[in-house]
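Enquirer: The sequence and its predicted three-dimensional model are supplied below.
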Amino acid sequence: VEKGLEEPVEENFADGKKPGRKGLAKRSGVNTKASVSDLRKTAKSSSGEKQRMAHWMANMKAGKKK
């Protein structure tokens, strides 16, 4: 067994938080494969939960370790 694979790893995001409501971005109609600039454009032209999710995803992608 390789090192570090003994126990399940909990998902980590750039903001250090764990996902609260999984799949919410996709359910609210945000393209999860979009670039950061596309997500920001989506957020600007949306409102409510879709806007919040687009902002969140853009922030997560911007802070992602390359």
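Expert: Yep, that arrived. Numbers count the residues shown, from 1 in each chain.

Enquirer: From here on, just use CA atoms for contacts and neighbour counts.
Expert: OK.

Enquirer: Ala54: how many residues sit nearby?
Expert: Applying other C-alpha atoms under 10 Å, we find 29 residues neighbouring Ala54.

Enquirer: for the chain, what are the low-confidence residue spans?
Expert: 1-19, 65-66 (pLDDT under 70).

Enquirer: In terms of secondary structure, what does the longest helix seen in it contact?
Expert: Longest helix of the chain, by residue count under DSSP state H: helix 48-62. Here helix 48-62 touches helix 24-27, helix 36-44, going by 3 or more C-alpha pairs under 8 Å, 6 or more residues apart in numbering; DSSP states H and E.

Enquirer: Identify the residues contacting that helix?
Expert: 13-15, 24-25, 28-30, 32, 35-37, 39-40, 42-45 (C-alpha atoms under 8 Å, 6 or more residues apart in numbering).

Enquirer: Give me the buried entries from these.
Expert: 25, 30, 36, 39-40, 42-43 (16 or more other C-alpha atoms under 10 Å).

Enquirer: Counting neighbours, what do you get for the residue nearest to Leu24 when sequence neighbours are not counted?
Expert: In space, and not counting its chain neighbours, Leu24 is closest to Met53: 7.5 Å by C-alpha to C-alpha, 6 or more residues apart in numbering. A count of neighbours around Met53, defined by other C-alpha under 10 Å, yields 23.

Enquirer: re earlier: any chance of the helices and strands packed on helix 48-62 in a markdown table, with distance to Lys61 too?
Expert: Shown next, in a markdown table, are those (distance: least, C-alpha to C-alpha, whole Å):
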| stretch | distance to Lys61 |
| --- | --- |
| helix 24-27 | 13 |
| helix 36-44 | 6 |
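
Enquirer: so who does Ser28 touch?
Expert: So Ser28 contacts 49-50, 53 (C-alpha under 8 Å, 6+ apart).

Enquirer: closest to Gly63 among the buried ones among the contacts of helix 48-62?
Expert: Val36 (10.3 Å; C-alpha to C-alpha).

Enquirer: So the residue nearest to the closest one when sequence neighbours are not counted versus Asp38, what's the distance?
Expert: Setting aside the residues directly before and after it, Val36 is nearest to Ala58 in space (C-alpha to C-alpha, 6+ apart), at 4.8 Å. Here the criterion is C-alpha to C-alpha, to the nearest Å. By it, Ala58 lies 9 Å from Asp38.
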